[in-house]
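Undergrad: all I have is the shape, not the residue letters:
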C-alpha cells in the first residue's frame, strides 16, 4: 500500500480529490443565496442548518460519481499503460491484491475528502452566522452514509477500470451514474434500493423541501450499512477472481 501512496503524487490524486471537495462545498453553499436565508440564520423555524444539509445532500451525488470514476481511472490506467499487472506478479503481488491495495490507499483519500466536504459546509454555516442549534445526529448520519456510498461506488469503478482497459467506459458509467443518482431523489425508497449504489445517495438524504418548508426524513441507515457490507464482500470476491486472470 505504501507504493500506492507514492504513485499518487505523480497521478495527481490529491488535486482531483480537492476538486471534488471544492465542487461539493460550492454547490452546497448555493442555498445561502436563496431568498431570505441570510436574514433567517437566527430563526429556528427557518431551519437554516437543515437547508444547508439539504444542499450538501444534493451536491454530493451531483459531483461524486464522475470524480470517483476519474480517481479510479487514474489509479489503474498506469498499470494498463506500463505493464504494472505483470510487474506486480513478478513481485508476488497478484492483480486482485494490487486492486485491494489501491482501494485501501485511495479509499482513505475518498473518506478524507467526504469528511472534509461535510466539515467545510458546517464551517460555512458558522461563517454565515447561523446561531440556531446544530442538528448533530442528522448531519453525522448523512456524512457517514455518504462515506459508505462513496466507498462502494469507488470500489465499483476501481474494479471496472481494472477489468476494462478503455478508461472511457468507466468515465461513461460515472456520467450515467450521476444522472441515476440525481433522478434517485424522485424514486420511492423501494425503487432506490434496487439501484445500488447510486440510488443509495437518495436513501441517505435526511431532509426534504416541501411547500410547508424543510421536513426531516428518517433515512434507512441500516440499508446503507448493508450496502457497505455487501459491496465490500463483492469487491473482495471479484478481486480474488481477478487473481486468476492472465497478466
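TA: Perfect, thanks for sending it. Note that the structure is a prediction, hence the values are computed from the model and not measured. Numbers count the residues shown, from 1 in each chain.

Undergrad: could you check how far residue 38 is from residue 127?
TA: In this structure, residue 38 lies at 11 Å from residue 127, with Cβ to Cβ, to the nearest Å as the measure. (Each C-beta comes from the backbone N, C-alpha and C, glycine too.)

Undergrad: out of these two, which sits in the busier spot?
TA: Looking at residue 38 and residue 127 with other Cβ atoms under 10 Å, you find the greater number of neighbours at residue 38, namely 13 against 10.

Undergrad: which SS class is the nearest residue to residue 44 once chain neighbours are set aside?
TA: Closest residue to residue 44 in three dimensions, ignoring its sequence neighbours and counting by Cβ to Cβ, 6 or more residues apart in numbering: residue 132, at 4.7 Å. Secondary structure for residue 132, judged by DSSP: H, G, I helix; E, B strand; the rest coil, is coil.

Undergrad: what's next to stretch 202-214, contact-wise?
TA: Contacts to stretch 202-214, defined as Cβ atoms under 8 Å, 6 or more residues apart in numbering, come from residues 47, 50-51, 53-54, 57, 61, 138-139, 141-142, 145-146, 149, 181, 184-185, 187, 189, 192-193, 215-217, 219-221, 223-224.

Undergrad: what do you get for stretch 237-246?
TA: Stretch 237-246 is touched from outside by 85, 94-97, 99-100, 159, 162-163, with contacts defined as Cβ under 8 Å, 6+ apart.

Undergrad: of all pairs in those, which one spans the longest distance?
TA: 97 and 163 (15.3 Å; Cβ to Cβ).
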